[in-house]
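# How does the following fold in three dimensions:
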Amino acid sequence: MHYKDLDLDVQKQILEDFKTNPEVFEKIYVHYYEMILRYLTKRTMSAGVAYDLTSDTFIKAFESMKNFKWTGPTQGLTWTSITVSW
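Alright, predicted model coming up:
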């Protein structure tokens, strides 16, 4: 299954909204959860480990969102930048 990143305008809006409403992170979680879980399941060959790492990934991504600075259209919330956090 091919996954598509969120539109850059949507990503930028999520980052802006996050400053006053951290609950918008749910949009990122809903969009990327299955993709990251599948990726980590394939990499670890263990569903249990993949679930734990997926959780850790989103916790770290959430915690780092307040420090994320939008520098232009080439820098978005791509799933690779989120998974790098673990």
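
# Kindly provide the distance from residue 31 to residue 14.
Taking CB to CB, to the nearest Å as the measure, residue 31 falls 10 Å from residue 14. For glycine as for every other residue, the C-beta is placed from the backbone atoms N, C-alpha and C.

# ugh, typo on my part, it should be residue 39
Taking CB to CB as the measure, residue 39 falls 21 Å from residue 14.

# Skipping its backbone neighbours, what lies nearest residue 44 in space?
Distances taken as CB to CB, 6 or more residues apart in numbering place residue 50 nearest to residue 44, at 5.2 Å, with adjacent residues excluded.

# With residue 33 instead?
The spatially closest residue to residue 33, leaving aside those adjacent along the chain, is residue 54, at 6.9 Å (CB to CB, 6+ apart).

# Would you confirm that the one you found contacts residue 34?
No. Judged on CB atoms under 8 Å, residue 54 makes no contact with residue 34 at a distance of 9.4 Å.

# who's more crowded, those two?
Per other CB atoms under 10 Å, whichever of residue 54 and residue 34 has more neighbours is residue 54, with 23 against 12.

# And the pLDDT for that one?
Per-residue confidence (pLDDT) for residue 54: 93.

# Give me the distance between the helix or strand where it lies and the centre of its chain.
In this structure, residue 54 is located in helix 47-65 according to DSSP states H and E. On the basis of CA atoms, centre = their mean, to the nearest Å, helix 47-65 sits 9 Å off its chain's mean C-alpha point.

# Equivalent analysis for stretch 37-49, please.
16 Å.

# List the buried residues in it.
With burial defined by 16 or more other CB atoms under 10 Å, the residues of stretch 37-49 counted as buried are 37, 39-41.

# Now do the buried residues in stretch 58-68.
Buried, per 16+ other CB under 10 Å, within stretch 58-68: 58, 61-62, 65.
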